[in-house]
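Novice: I need the structure of the sequence given here:
(4 chains)
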2 protein chains.
Amino acid sequence: MKIATLKDIAEQLNISVTTVSKALKDYPDVSKKTKLQVKELAKTLNYKPNAFAVNLRKRESKTIGLIIPVIVHHFFSNVIKGIISQAEKKGYLVITLQSDESYELEKKQVELLLSQRVDGIIISLANGTAKYDHLNEIIAQGKPLVMFDKIAKIVKCSKIIIDDRKAAYTATQHLIDIGCKRIAHFRGALLPQNSIDRFLGYKKALLDNNIPYDPSLVYICECGDMSFEEGKKNAEQLLTDHDDVDGIFINTDLVAIGAMTAFQEMGVKIPDDISIVGFSNWFMSSVISPSLTTINQPGVEMGKMAFKQLLKEIKALKKGKTFEPKTVVLKTDLIVRASTKNTIS
Amino acid sequence: MKIATLKDIAEQLNISVTTVSKALKDYPDVSKKTKLQVKELAKTLNYKPNAFAVNLRKRESKTIGLIIPVIVHHFFSNVIKGIISQAEKKGYLVITLQSDESYELEKKQVELLLSQRVDGIIISLANGTAKYDHLNEIIAQGKPLVMFDKIAKIVKCSKIIIDDRKAAYTATQHLIDIGCKRIAHFRGALLPQNSIDRFLGYKKALLDNNIPYDPSLVYICECGDMSFEEGKKNAEQLLTDHDDVDGIFINTDLVAIGAMTAFQEMGVKIPDDISIVGFSNWFMSSVISPSLTTINQPGVEMGKMAFKQLLKEIKALKKGKTFEPKTVVLKTDLIVRASTKNTIS
DNA sequence: TTCTTAATCGAAAACGTTTTCGAAAGTAAC
DNA sequence: GTTACTTTCGAAAACGTTTTCGATTAAGAA
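Specialist: Below is the predicted model:
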């Protein structure tokens, strides 16, 4: 019932704890005979090294922390999957926490992970996060930090992102290419960097095509998380504000789907009356009707990359080396589906 | 840069490590003055107790393990969310692993968690799991184990489930009530208990209503995970096998959506030609067209329950008490939407 | 024989905490 | 001056590993 320790093995074999430890890790200064005996007994006693003791001694936990705004989310759960699978391959475990888009919680969770002595932290910022002391503390403690998707540019750490601006530009350009003249934008929250970047990409595409930028066509979401309801609300508002809009680029698929639902309820035809482009390529977007044109955001790959970078830094630090923060930009693709329709050719 | 320890504080204050430790936890045998000094210095040094050392000493990690078949999954990610949030509230952290529906991986992951000395394990079984040695080992080590959703009845541990049979019965009865005469069933994999139970509920509903049970109407999925493609394939097969089916009860929403997509591509009208009921109430199901009638499966609540039960058992064991495994059955609801249509009244 | 080398082992310290137990010093009572 | 408390502290052991460094023995070389 009690879990076996090195001491138990040593006593049963009448040898020292030292020798048992060395035998199990194939040190050269242990005889073949003893090694065999030790290994055999270890197996029958179902010996497993006590991780606490190993951690304490080695000053590393083989564990990393992961903080994300929401778990029930197609993109984020893909990232989680990517991180966990990659980590497991390399012998690391992942402690996951959800910040719920709250700065306060996020800060508390960083403290928690630090006192747990994780070997490194991967984080995607909450929308509410505007102060970065808690992140700088991680770095100050000499712990690797990797941010992904929702990042803070100022913080000196590695970042795994997509080119939001370029992707948004591509999305908007697609609307223009198919003949849209009045293009609205649902930009989500004001703060997060990718919200800003997507907005800038949208704006640039307009200007590059000599379409005047009209601020009244940009809808902001004051609430914490972009949601289905937000999309519905914005769509209804848009319809009362403007009757000439023929295209919308929307920050997130979920919001886009909310908007589409509202439009359909109000008798607006998609894509005939309005073309819509979303962002993220949620699985859902391929099965709704009409299917949603969107930007594919490679979640699993992002997760894997984030862990790989973190591991690189963990290893560098272990060897006493320093490292330069690196920013990896992952490729995105425009996926054209039924929610956008060419009215030109 | 270096992280402060009790010793550092002790040396700077010229007192013993013992006193520092006691001061920080407000032991009565430390003077107010020393307590104040210690706490102040601890704050300025940003002292955080070393979790490894505490764990080693206290023989508990305040960490639990969670193994699930898939992360990117509406129901499971909801459960994860429930577990993590509840655990955080109680001061516990969660290490999440994904078994990918593989018995081998699941077994390895249990070993991993045990050697990590987690305080308990929550698990939802892989479809491929038919042997339970690894689970019994957890119990043999005196660690609490809670299973949810995909459980093994034989294993003596607490279980959080829904009444799959009853839910399936309700779903099938709904199809019968609206006038369906030939009702098919996509049952998913052969092995998992809930797949079996849902099938039994389906069958019982038929028989209770004097509808003959026809095995050729039950479609099995040989593959590991139930997927969108599986639904399409089954739908196509069904259409060539039988032309008189007017209702289907499908194991999982995702498969149901796949089937609906296939039907729509083949010109079969839903719900006019065939009524469909899914299972789980994925968010997606409410926004597709037609929206999907389904059984609501309370993921977050299930996760919270699972953790609560686990914590109860952890606490009992800590006090040296024993406990009786408990099975909690959560309520489900039928959610009627547009994919089923009353052809009677 | 004596010296060198190789092979095999173990004592001990260290990682950072927690907790038990006793010591010391001060105060109060007699 | 002795006894009896109270208050405040610290030594030491323990949790289970890992690793350094010496010790011991045996074998081979001189």
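
Novice: ok, the residue of the stretch 51-200 of chain A found nearest DNA strand D - contacts?
Specialist: Residue nearest to DNA strand D within the stretch 51-200 of chain A (C-beta to the nearest atom of the strand): A:Ala53, separated by 3.3 Å. Yep, even glycine has a C-beta here, placed from its N, CA and C like the rest. Taking C-beta atoms under 8 Å, 6 or more residues apart in numbering or on different chains, we find A:Ala53 in contact with B:Leu56.

Novice: confirm that it sits in a helix.
Specialist: Yes. According to DSSP: H, G, I helix; E, B strand; the rest coil, A:Ala53 belongs to a helix.

Novice: point out the residues in the stretch 1-150 of chain A that sit beside DNA strand D.
Specialist: Proximity of the stretch 1-150 of chain A to DNA strand D, by C-beta under 7 Å from any atom of the strand, involves residues A:5-7, A:17-18, A:21-22, A:24-25, A:29, A:47, A:49-50, A:52-54, A:56-58.

Novice: which of those residues are buried? Put it as a PyMOL command.
Specialist: Only the buried entries of these go into this PyMOL selection, using 16 or more other C-beta atoms under 10 Å in any protein chain shown:
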select buried, chain A and resi 5+6+21+22+24+47+50+52+53+56
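
Novice: can you pull out the strands in chain A?
Specialist: A:63-68, A:93-98, A:120-123, A:145-148, A:158-162, A:183-188, A:218-220, A:247-250, A:275-277, A:294-296, A:327-330, A:333-335 (DSSP state E).

Novice: does the second one come close to chain B?
Specialist: Looking back up the chat, that one is strand A:93-98. Yes. Strand A:93-98 reaches chain B (C-beta under 8 Å from any C-beta of the partner chain) through A:Leu93, A:Val94, A:Ile95, A:Thr96, A:Leu97, A:Gln98.

Novice: that strand vs strand A:63-68, what angle?
Specialist: Strand A:93-98 and strand A:63-68 meet at an angle of 20 degrees, taking axes from the mean of the first three to the mean of the last three C-alpha atoms, to 10 degrees as the criterion.

Novice: could you measure from A:Lys81 over to chain B?
Specialist: In this view, A:Lys81 and chain B are 5 Å apart by C-beta to the nearest C-beta, to the nearest Å.

Novice: again, but for A:Ala256
Specialist: Distance of A:Ala256 to chain B, computed by C-beta to the nearest C-beta: 11 Å.

Novice: can you tell me which residues contact that residue?
Specialist: A:Ala256 touches A:Phe186, A:Gly231, A:Ile248, A:Ile250, A:Ile276, A:Val277, A:Gly278, A:Phe279, A:Ser285, A:Leu292, A:Thr294, A:Ser339, counting by C-beta under 8 Å, 6+ apart.

Novice: same list (those residues) but as JSON lines, adding neighbour count.
Specialist: JSON lines is the format used below for these (neighbours: other C-beta atoms under 10 Å in any protein chain shown):
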{"residue": "A:Phe186", "neighbour count": "29"}
{"residue": "A:Gly231", "neighbour count": "30"}
{"residue": "A:Ile248", "neighbour count": "30"}
{"residue": "A:Ile250", "neighbour count": "31"}
{"residue": "A:Ile276", "neighbour count": "28"}
{"residue": "A:Val277", "neighbour count": "29"}
{"residue": "A:Gly278", "neighbour count": "30"}
{"residue": "A:Phe279", "neighbour count": "31"}
{"residue": "A:Ser285", "neighbour count": "25"}
{"residue": "A:Leu292", "neighbour count": "28"}
{"residue": "A:Thr294", "neighbour count": "28"}
{"residue": "A:Ser339", "neighbour count": "24"}
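
Novice: coming back round to it: now, which of the residues of strand A:93-98 next to chain B lie close to DNA strand C?
Specialist: Within the residues of strand A:93-98 next to chain B, nothing lies near DNA strand C by C-beta under 7 Å from any atom of the strand.

Novice: possible to save the strands of chain A as TSV with mean pLDDT and distance to B:Cys180?
Specialist: Formatted as TSV, the strands of chain A follow (pLDDT from 0 to 100; distance: least, C-beta to C-beta, whole Å):
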stretch	mean pLDDT	distance to B:Cys180
strand A:63-68	98	43
strand A:93-98	98	41
strand A:120-123	98	49
strand A:145-148	98	48
strand A:158-162	98	47
strand A:183-188	95	41
strand A:218-220	94	44
strand A:247-250	98	39
strand A:275-277	98	36
strand A:294-296	98	36
strand A:327-330	98	48
strand A:333-335	97	37
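
Novice: would you mind finding the most buried of those?
Specialist: Highest mean neighbour count of the strands of chain A: strand A:247-250, a mean of 29 (counted as mean count of other C-beta atoms under 10 Å in any protein chain shown).

Novice: give the pairing partners of it; include direction for each.
Specialist: Listed by DSSP bridges, the sheet partners of strand A:247-250 and their directions read strand A:183-188 (parallel), strand A:275-277 (parallel).

Novice: list the contacts of it.
Specialist: Taking C-beta under 8 Å, 6+ apart as the rule, strand A:247-250 contacts A:168, A:171-172, A:175-176, A:178, A:180-186, A:198, A:202, A:231, A:238, A:256, A:259, A:274-279, A:340.

Novice: hmm, try it at 7 Å
Specialist: Here strand A:247-250 makes contact (C-beta atoms under 7 Å, 6 or more residues apart in numbering or on different chains) with A:168, A:171-172, A:175, A:180, A:183-186, A:202, A:256, A:259, A:274-279.

Novice: could you check how far the spatially closest residue to A:Gly247 that is not a sequence neighbour is from chain B?
Specialist: Excluding its sequence neighbours, the residue lying closest to A:Gly247 (C-beta to C-beta, 6 or more residues apart in numbering or on different chains) is A:Cys180, at 3.2 Å. Using C-beta to the nearest C-beta, one obtains 24 Å as the distance from A:Cys180 to chain B.

Novice: what number of residues lie near A:Cys180?
Specialist: 25 (other C-beta atoms under 10 Å in any protein chain shown).

Novice: ok, A:Thr19 - contacts?
Specialist: A:Val30, A:Thr34.

Novice: for the one 3 residues further on, same thing?
Specialist: For A:Lys22, the contact set (C-beta under 7 Å, 6+ apart) comprises A:Asp29, A:Val30.
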